[in-house]
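> My questions concern the predicted model and sequence given below.
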Amino acid sequence: MDQTKLERLALGMARDHVWMEGISFPTTILGDLKSLQDEFVARDEDVIVISYPKSGTNWIKEIINLIRTRGDPSWVQSVVSWERTPWLESSFGLELIKKQKDARFYTSHLPVQFFPKTFFTSKAKCVYIVRNPRDILVSGYHFWKAVKVTKNPDSFEGYFEWFLQGNVPFGSWFDHVGGWLQMRGKENFLFISYEELHQDRRASVEKISQFLGTKLSPEQLDSVLKNVTFQAMKDNNMSNLSLLPDTLMDHSKACLMRKGIVGDWENHFTVAQSEAFDKVYQEKMAGIPPASSRGSNGLTRLHRVHRLDFLRLLCSQRSKLYMMIDI
Ligand SMILES: Nc1ncnc2c1ncn2[C@@H]1O[C@H](COP(=O)(O)OS(=O)(=O)O)[C@@H](OP(=O)(O)O)[C@H]1O
């Protein structure tokens, strides 16, 4: 990447975050999200990965890139991830999206209320990845410490409180997920969890390729799977963010490909934190209606096929309590 691009990526470094409508954003966010909402034209053939930060966004992006190249790894090994799948909410990314010709592929962490209006009337395909918010909290704590375009947490205890208050980049996890879950049942939306991806990578990749309408041969599927393991992505400088300029990220403090496991929160939360988290989780998630309340017409064929796919978001090992949200 040339120097000018790097400098543009690092724009906004003087401040540590930006507030818009009560939500904290990194300073790389577009100054004018209102214009994005009103003017960006989503196309039916667009594919977009949407997520709350630290949910496994880069994993899904890598999978989709490889599905699109039918398992040929040369694309993901030669072009950096933020150019292959640009960010909708940065001026740098938006320029790249506008230059993409057919079958555009981009990504976003934006909460639903900031999204371009045309997106909701288009047939653009959206994959939304969710993850146990406890693991997101831990992942975010380690990541945001090193990122130079957001406020940095001083301590885990402090960050824990910020997270529960929604005082973290891109706002409250509960609001983000609650907002996007309203799209459940739409044929052009696929909800997938980090945990199910972890548990059965092959089935998850098949599910995503079926959703995108791409039939992979067994050899192509094997190649996708081989190139999206934690280790393969960690070793790929085009995917692991190690090429982000030092002005954006302190590479000595953290990296994107940190542990890649399910349940690391148990190594970080105290019993009191775990209980406090469960309480807030139950209060906030109680407001989200179950998918079935939308009536039978709301269930698409895809959703019926995957009726047994649930978000196992609350997995308290101590109480053995599993709270599920039907997606
Ligand atoms: N291939 C693969 N396998 C398993 N886990 C993976 C993989 N790719 C990314 N990850 C993990 O995803 C976490 C980063 O999430 P995001 O990609 O959403 O981060 S970001 O918000 O876009 O910066 C981060 O989680 P933690 O390790 O818990 O920090 C990554 O390790």
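Looks like it came in fine. Residues are numbered from 1 along each chain as shown.
> Any stretches of the stretch 201-327 of the chain with poor pLDDT?
Within the stretch 201-327 of the chain, the stretches with pLDDT under 70 are 289-327.
> Looking at the stretch 201-327 of the chain, which residue is nearest the ligand?
residue 260 (3.0 Å; CB to the nearest ligand atom). (C-beta placed from N, C-alpha, C; glycine too.)
> I figured that residue hits residue 229, correct?
No: assessed by CB atoms under 8 Å, residue 260 is found out of contact with residue 229, at 9.1 Å.
> who's more crowded, these two?
More crowded of residue 260 and residue 229, by other CB atoms under 10 Å: residue 260, with 17 against 14.
> so how far is residue 240 from the more buried one?
Distance, residue 260 to residue 240, using CB to CB, to the nearest Å: 11 Å.
> Return every residue with contacts to both of the two.
Common neighbours of residue 260 and residue 240 are listed as residue 234 (criterion: CB atoms under 8 Å, 6 or more residues apart in numbering).
> And the strands in the stretch 101-250 of the chain, which stretches?
105-108, 125-130, 189-193 (DSSP state E, counting those that start in this stretch).
> Residue 58 - how many residues pack around it?
Neighbourhood size, residue 58 [other CB under 10 Å]: 23.
> who in the stretch 151-300 of the chain is up against the ligand?
Applying CB under 6 Å from any ligand atom, we find that the stretch 151-300 of the chain lies next to the ligand at 228-230, 233, 256-260, 264.
> 5 Å - rerun?
The stretch 151-300 of the chain has residues 230, 233, 257-260 near the ligand, with proximity defined as CB under 5 Å from any ligand atom.
> Please list all residues in contact with the residue most central in space within the chain.
Nearest to the geometric centre of the chain sits residue 51, at 2.9 Å (CA atoms, centre = their mean). If you count contacts by CB under 8 Å, 6+ apart, residue 51 has them with 57, 60, 107, 109, 128-130.
> switch to 6 Å and redo it
Neighbouring residues of residue 51 by CB atoms under 6 Å, 6 or more residues apart in numbering: 57, 129.
> circling back: redo the strands of the stretch 101-250 of the chain as JSON lines? Include mean pLDDT and mean neighbour count.
Listed next are those as JSON lines, based on pLDDT from 0 to 100; neighbours: other CB atoms under 10 Å:
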{"stretch": "strand 105-108", "mean pLDDT": "98", "mean neighbour count": "23"}
{"stretch": "strand 125-130", "mean pLDDT": "97", "mean neighbour count": "23"}
{"stretch": "strand 189-193", "mean pLDDT": "96", "mean neighbour count": "23"}
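> Would you convert the ones you listed into CSV that also reports distance to residue 96?
Formatted as CSV, the strands of the stretch 101-250 of the chain follow (distance: least, CB to CB, whole Å):
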stretch, distance to residue 96
strand 105-108, 8
strand 125-130, 19
strand 189-193, 24
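> Go ahead and produce PDB holding the CA coordinates of the lengthiest helix in the chain.
As assigned by DSSP state H, the longest helix anywhere in the chain is helix 271-285. Extracted in PDB, the C-alpha atoms of helix 271-285 (Å, rounded to 0.1, in the frame of the first residue of the first chain):
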ATOM      1  CA  VAL A 271     -17.400 -14.600  40.100                       C
ATOM      2  CA  ALA A 272     -18.800 -11.200  40.900                       C
ATOM      3  CA  GLN A 273     -18.200 -10.000  37.400                       C
ATOM      4  CA  SER A 274     -19.800 -13.100  36.000                       C
ATOM      5  CA  GLU A 275     -22.900 -12.500  38.100                       C
ATOM      6  CA  ALA A 276     -23.100  -8.900  37.300                       C
ATOM      7  CA  PHE A 277     -22.800  -9.700  33.600                       C
ATOM      8  CA  ASP A 278     -25.600 -12.300  33.700                       C
ATOM      9  CA  LYS A 279     -27.900  -9.800  35.400                       C
ATOM     10  CA  VAL A 280     -27.400  -7.100  32.800                       C
ATOM     11  CA  TYR A 281     -27.600  -9.700  30.000                       C
ATOM     12  CA  GLN A 282     -30.900 -11.000  31.200                       C
ATOM     13  CA  GLU A 283     -32.400  -7.600  31.700                       C
ATOM     14  CA  LYS A 284     -31.300  -6.300  28.300                       C
ATOM     15  CA  MET A 285     -32.000  -9.400  26.200                       C
END
